[in-house]
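S.K.: Sequence and computational prediction follow.
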Amino acid sequence: MSTNKNQSLMWEVRCEPGKAAAVEEWVRAIIVPPLWEDEEVASYNAYSSVGQDGERVVVVIDYLSAAPATLSAEPPQHLIARPPHAWVFQRLDV
């Protein structure tokens, strides 16, 4: 974990065909509730998209301090086409 402040974590998963809605429900049930309790979370948003290379669900979490390297939970294997990827970004003043 980095010691930088004001970081954002972007977590992205590519879903098995037709499974994005199930992954969205999993995010609502497993990922979101702990964010309500975390005093270091400034905000979060979830997105879904459908593109040429499949369906994706993305969660972006803004932290007041250092962001974790990834989220600790992974969706059920039968819902995802590959393991989730995560990136930590430093927020810029623009």
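M.R.: Good, I have the coordinates.

S.K.: Residues in a beta bridge with the nearest residue to Gly54 once chain neighbours are set aside, which ones?
M.R.: Closest residue to Gly54 apart from its sequence neighbours, by Cβ to Cβ, 6 or more residues apart in numbering: Arg14 at 5.2 Å. All C-beta spots, glycine's among them, are computed from the backbone N, C-alpha and C. In this structure, Arg14 bridges to Arg56 when assessed by DSSP bridges.

S.K.: Let me know whether Ile30 touches Glu74 as I believe.
M.R.: No. Ile30 is beyond contact range of Glu74, at 9.4 Å (criterion: Cβ atoms under 8 Å).

S.K.: how many other residues sit next to Val13?
M.R.: 25 (other Cβ atoms under 10 Å).

S.K.: these two touch, right, it and Ala73?
M.R.: No. Using Cβ under 8 Å, Val13 makes no contact with Ala73, being 11.1 Å away.

S.K.: what about the strands in this structure?
M.R.: For the chain, strands defined by DSSP state E occupy the ranges 7-14, 41-51, 54-63, 85-90.

S.K.: Can I get those strands in TSV including distance to Ala69 and mean pLDDT?
M.R.: Shown next, in TSV, are the strands of the chain (distance: least, Cβ to Cβ, whole Å; pLDDT from 0 to 100):
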stretch	distance to Ala69	mean pLDDT
strand 7-14	8	95
strand 41-51	16	94
strand 54-63	12	94
strand 85-90	7	93
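
S.K.: out of those strands, nearest to Val23?
M.R.: For Val23, the closest of the strands of the chain is strand 54-63, at 4.7 Å, according to Cβ to Cβ.

S.K.: Go ahead and name everything in contact with that closest one.
M.R.: 6-15, 17-20, 23-24, 27, 31, 35, 40-50, 67, 71, 81, 91 (Cβ atoms under 8 Å, 6 or more residues apart in numbering).

S.K.: got a list of what Arg14 touches?
M.R.: Arg14 touches 53-56, 80-82, counting by Cβ under 8 Å, 6+ apart.
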